[in-house]
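Participant: predicted structure and sequence below. I'll ask about it afterward.
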Amino acid sequence: DTAVSQTPKYLVTQMGNDKSIKCEQNLGHDTMYWYKQDSKKFLKIMFSYNNKELIINETVPNRFSPKSPDKAHLNLHINSLELGDSAVYFCASSQLGSANTGELFFGEGSRLTVL
Amino acid sequence: GNSVTQMEGPVTLSEEAFLTINCTYTATGYPSLFWYVQYPGEGLQLLLKATKADDKGSNKGFEATYRKETTSFHLEKGSVQVSDSAVYFCALRYSSASKIIFGSGTRLSIRP
């Protein structure tokens, strides 16, 4: 039973299209994240939601819009895709609070290729 | 600001060699420190962690000690295996915030 699952695993699309990536976690965590990993393996945080509220919003183009319908789900919608959006997008979750170290649990990634 | 610096790769070693991957950090307060590993085609997974000075995290033969005086959290393993080939990320989390900051990753390749 996968703890953090994201779909689709692979996405190939044309420039200008709109696409979504979905993420679900069954760990009962209160916080979820989207990270972008480029071809050099640099990991950059994009967004984080805690109990459905946006708590981290890094400098990301507003073509990227996260949505958290409940604390177990965090989706990422991308409008007007550009070549530079090609990357692997990782969803992650954690449990925050002073009793926890907040370690992250990652999904397997969604590889987006924009042609 | 807060940051993590780790040695650049790739690092290539022979099986059974000793491994060190250096990691230093800059942070205010007392962050928690982590090492994550990413095997080919997979997401990151936690390898080990330490939450306070002089703590030693260990897992799968890997170790790292939280050194506040040198602001370091170097990853070591006494005898590496081919199956250890992966990308290793050092990371820190502020003590009172939710953001985890990752280093740039070090690719490790082990030759049989």
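Facilitator: Thanks, I have it.

Participant: middle-most residue in chain A, spatially?
Facilitator: Compute the mean C-alpha point of chain A, and by CA atoms, centre = their mean the closest residue is A:Trp34, 2.7 Å away.

Participant: hang on, isn't that residue packed against A:Ser93?
Facilitator: No - counting by CB atoms under 8 Å, A:Ser93 is not a contact partner of A:Trp34; they are 10.9 Å apart. (Glycine included, C-beta is placed from N, CA and C.)

Participant: what is the burial count for B:Thr106?
Facilitator: The local packing of B:Thr106 (other CB atoms under 10 Å in any protein chain shown) involves 21 other residues.

Participant: which residue sits closest to it, ignoring its sequence neighbours?
Facilitator: Nearest residue to B:Thr106, sequence neighbours excluded (CB to CB, 6 or more residues apart in numbering or on different chains): B:Gly9, at 4.2 Å.

Participant: can you pull the contacts of residue 33?
Facilitator: In the absence of a named chain, chain A is used. Residues in contact with A:Tyr33 (CB atoms under 8 Å, 6 or more residues apart in numbering or on different chains) are A:Ile45, A:Met46, A:Phe47, A:Ser48, A:Tyr49, A:Ile56, A:Leu74, A:Cys91, A:Ala92, A:Ser93, A:Ser94, A:Leu104.

Participant: try again with chain B
Facilitator: Applying CB under 8 Å, 6+ apart, we find B:Leu33 in contact with B:Cys23, B:Tyr25, B:Lys49, B:Ala50, B:Thr51, B:Gly57, B:Ala64, B:Tyr66, B:Phe73, B:Cys90, B:Ala91, B:Leu92.
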